[in-house]
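J.: fold the following and give me the result.
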Amino acid sequence: MAENTMADTLLDVDRIETCYGLSQVLFGLTLSIKSGEMVSLMGRNGMGKTTTIRSIMGLTPARSGAIRFAGTEVRQLPSYRIAQLGIGLVPEGRQIFPNLTVRENLVAAAADRFDSPNPWTLAAIYVLFPRLAERAANMGNQLSGGEQQMLAIGRALMTNPKLLILDEATEGLAPLIREEIWHCLSLLKSRGQSILVVDKNVDHLARICDRHFIIERGKTVWSGTSDELVADPDLQHKYLGI
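T.: Below is the predicted model of the structure:
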């Protein structure tokens, strides 16, 4: 893959294989993200999207292949080291701290390790998500699903990541909240934030993402631009069930 040799490649996942015990889930999966790019990872349920993210983050380490982030091979690093290199994760199911307040959730892992010229701060998160400012003293378990997702995104941004990863960005959210999340992602992209997003809404993904990777049974079966994705409805039907 010629693009993987380019200096601006931020994340390069090269032919990884990942297992849960004796059950193999990923079979030579490949994807890449350039700095400042927004990329989607799509596929039907059970095809390996979350496992791909868990492999990148070191939560379920890949047994073979290479994962390079910002020039560093991270496949065998512990999860906390991978996060410290500059990856912020918004996990499936949000996984906020239920017994901490909104403010405590946001500051718990806050850092600016790379001296960002315009770093994310508590005040900046409250501007991005005014609802969190209103609920700052509320416990995490007192928030609605949409508010929890905003909090999970805000918590990841407070680490000032080089790459933001969102697993099921809008799953289970009310339509108005979904629109707010998509607007947030568009805003982050306009700021130059590199983003990898997993979601099922092809229309929104095609509208704001630069490139897309589709996986089927643990393999990358297609990659291309939004224009190429929209122009091939048969592809969407074959791999996404649309």
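
J.: any idea of the pLDDT on E3?
T.: With respect to pLDDT, E3 scores 40.

J.: what of the one 10 residues further on?
T.: Per-residue pLDDT puts V13 at 97.

J.: helix, strand, or coil at A169?
T.: Assigned state for A169: coil (three-state reduction, DSSP: H, G, I helix; E, B strand; the rest coil).

J.: name the nearest residue to it, sequence neighbours excluded.
T.: Nearest non-adjacent residue to A169, counting by C-beta to C-beta, 6 or more residues apart in numbering: D199, 4.6 Å away. No exception for glycine: its C-beta is placed from N, CA and C like everyone else's.

J.: give me the phi and psi for that neighbour.
T.: For D199, the backbone dihedrals are phi -160, psi 170 (criterion: degrees, to the nearest 10).

J.: export stretch 49-58 as CSV, just CAs?
T.: Output of stretch 49-58 as CSV, limited to C-alpha atoms (Å, rounded to 0.1, in the frame of the first residue of the first chain):
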residue,chain,number,x,y,z
LYS,A,49,-15.2,-3.5,14.0
THR,A,50,-15.0,-3.4,17.8
THR,A,51,-12.2,-6.0,17.8
THR,A,52,-10.2,-3.8,15.3
ILE,A,53,-10.5,-0.9,17.7
ARG,A,54,-9.6,-3.1,20.7
SER,A,55,-6.6,-4.2,18.8
ILE,A,56,-5.5,-0.7,18.0
MET,A,57,-5.9,0.3,21.7
GLY,A,58,-4.1,-2.8,23.0
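
J.: tell me the contacts of the residue nearest to A169?
T.: Going by C-beta atoms under 8 Å, 6 or more residues apart in numbering, D199 touches 40, 42, 166, 168-171, 205.

J.: repeat that for M158.
T.: By C-beta under 8 Å, 6+ apart, M158 lies in contact with 106-107, 109-111, 120-122, 125.

J.: are any of those residues buried, and which?
T.: Neighbour-count burial within those applies to 106, 110, 120-121, 125; the criterion is 16 or more other C-beta atoms under 10 Å.

J.: of these, which belong to helices?
T.: Here DSSP state H is the test, and these give 106, 125 as lying in helices.

J.: any idea which of the buried ones among the contacts of M158 the model trusts least?
T.: A110 (91).

J.: how far away is the residue nearest to D167 when sequence neighbours are not counted from E171?
T.: In space, and not counting its chain neighbours, D167 is closest to E92: 4.1 Å by C-beta to C-beta, 6+ apart. Relative to E171, E92 is positioned 7 Å away (C-beta to C-beta, to the nearest Å).

J.: what comes up buried for the biggest helix by length in the chain?
T.: Longest helix of the chain, by residue count under DSSP H: helix 175-190. Buried residues in helix 175-190, counted by 16+ other C-beta under 10 Å: 177-178, 180-182, 184-185, 188-189.

J.: P98: which of those residues is nearest?
T.: Nearest to P98 out of the buried residues of helix 175-190 is I177 (C-beta to C-beta; 19.2 Å).

J.: is that closest one in contact with L143, as I believe?
T.: No - I177 lies out of contact with L143 (C-beta atoms under 8 Å); the separation is 11.6 Å.

J.: tell me where this protein has strands.
T.: For the chain, the strands defined by DSSP state E occupy 9-20, 23-34, 38-42, 64-69, 72-73, 87-90, 163-167, 194-198, 211-216, 219-225.

J.: reformat those as a markdown table; add mean neighbour count and distance to L240.
T.: A markdown table is the format used below for these (neighbours: other C-beta atoms under 10 Å; distance: least, C-beta to C-beta, whole Å):
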| stretch | mean neighbour count | distance to L240 |
| --- | --- | --- |
| strand 9-20 | 19 | 20 |
| strand 23-34 | 18 | 16 |
| strand 38-42 | 24 | 6 |
| strand 64-69 | 18 | 25 |
| strand 72-73 | 12 | 32 |
| strand 87-90 | 24 | 22 |
| strand 163-167 | 24 | 17 |
| strand 194-198 | 24 | 12 |
| strand 211-216 | 21 | 7 |
| strand 219-225 | 16 | 10 |
